[in-house]
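[1] Sharing a model that was predicted from the sequence below.
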Amino acid sequence: MRHWEKHPAETAHAFNLNGFVALPNFFAGDEIAEIAARVSRYIREIAPTRPDTEIFYEDKADASTIKQMQDLHVHDPFFGELINGRCAKLAETVLGEPVQAKNLQYFNKPPGIGQPTPPHQDGYYFHLKPNHAVTMWLALEDVDHENGCVRYVQGSHRLGMRAHGRSGVLGFSQGMLDFGLPHDRGHTVTCPATAGDLLAHHSLTIHWADGNTSKTRTRRALGLVYFAAGCAVDEVAKKAYQERLHADLRAAGKI
């Protein structure tokens, strides 16, 4: 049994205090190797069949530059089991109530061209009332300053939703408009990771990542999203946002 399972109250306290927890070796070496192999299979066999609103590229003309894929759990039973397994138990632990598994995403920053992820709060995209959810970020390979590790503003989830606007970054269309306040920089925590490590953060926690400056290394990860069972989605606002987003992306030739 892992530390977070033996000490769930301790894990939940750290999450509620800081807005995130970092769990090393959440998946062991053989497990993460299998997950990475399944991702590669998905890219080869399933991704070509999916619509362009589910898959984003750094360069749409180059299939090797996939930067984001949505809803892997819907189209591959392996990922359906993954999102409803150990990670769901952790989500219930940190949120303190039953959860709804909502999305399993793939992220990459291709070598040399992987763009920075702008400072943002995931809850802005979720349209939840109340905004009580968790996103998990699972490293498929080693991630550090060179290829774009995740950074959090510690305790920012307790300060509410900040103003967001168009970022111009594919896959992260909205970024914070006022990021850089003294509290932001003064409470930043950088989280390098090795393959199999998992980060879990609240939907209101401010986070971002630099671009990939390496010429040879990728930066592959999975993101798993869970909503607390007591939340409701504002479907009208969500639909309007997605329609605006897809129109903007098509106009820019991104999808």
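    Sure, I can see it. Residues are numbered from 1 along each chain as shown.
[2] distance of His13 from Cys231?
    His13 sits at a distance of 21 Å from Cys231 (criterion: CB to CB, to the nearest Å). (C-beta placed from N, C-alpha, C; glycine too.)
[3] quick one: which of these two has more around it?
    Legend: neighbour count by other CB atoms under 10 Å for His13 and Cys231, higher for Cys231 (19 against 13).
[4] what's across from the residue nearest the centre of the chain in the sheet?
    Among the residues of the chain, the one closest to the centroid is Gly223, at 4.0 Å (CA atoms, centre = their mean). Counting by DSSP bridges, Gly223 is bridged to Gln105, Trp137.
[5] contacting residues for it?
    The contact partners of Gly223, taken as CB atoms under 8 Å, 6 or more residues apart in numbering, are 103-107, 135-138.
[6] so Val39 touches Leu140, yeah?
    Yes - the pair Val39 / Leu140 is scored as a contact, 6.7 Å apart, by CB atoms under 8 Å.
[7] any common contacting residues for the two?
    220, 222.
[8] Direction included, what does whatever helix or strand Arg151 lives in pair against?
    Taking DSSP states H and E as the criterion, Arg151 maps to strand 150-153. Under the criterion DSSP bridges, strand 150-153 sits next to strand 188-191 (antiparallel), strand 207-209 (antiparallel) in its sheet.
[9] will you turn the ones you listed into TSV that also has mean pLDDT?
    Formatted as TSV, the strands paired with strand 150-153 follow (pLDDT from 0 to 100):
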stretch	mean pLDDT
strand 188-191	98
strand 207-209	96
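[10] looking at the ones you listed, which is closest to Tyr125?
    Evaluated over the strands paired with strand 150-153, closeness to Tyr125 peaks at strand 207-209, with 12.8 Å, by CB to CB.
[11] got the contact list for that closest one?
    With CB under 8 Å, 6+ apart as the criterion, strand 207-209 contacts 20, 109, 116-121, 148-153, 179, 201.
[12] what do you get if the cut-off is 7 Å, keeping everything else the same?
    With contact meaning CB atoms under 7 Å, 6 or more residues apart in numbering, strand 207-209 is reached by 116-120, 148-152, 201.
[13] okay, among those, which ones form the most distant pair?
    Farthest pair in the contacts of strand 207-209 (CB to CB) is Pro116 and His201. Separation: 17.6 Å.
[14] neighbour count winner among these two?
    His201 (27 against 16).
[15] Helix, strand, or coil at Ile113?
    coil (DSSP: H, G, I helix; E, B strand; the rest coil).
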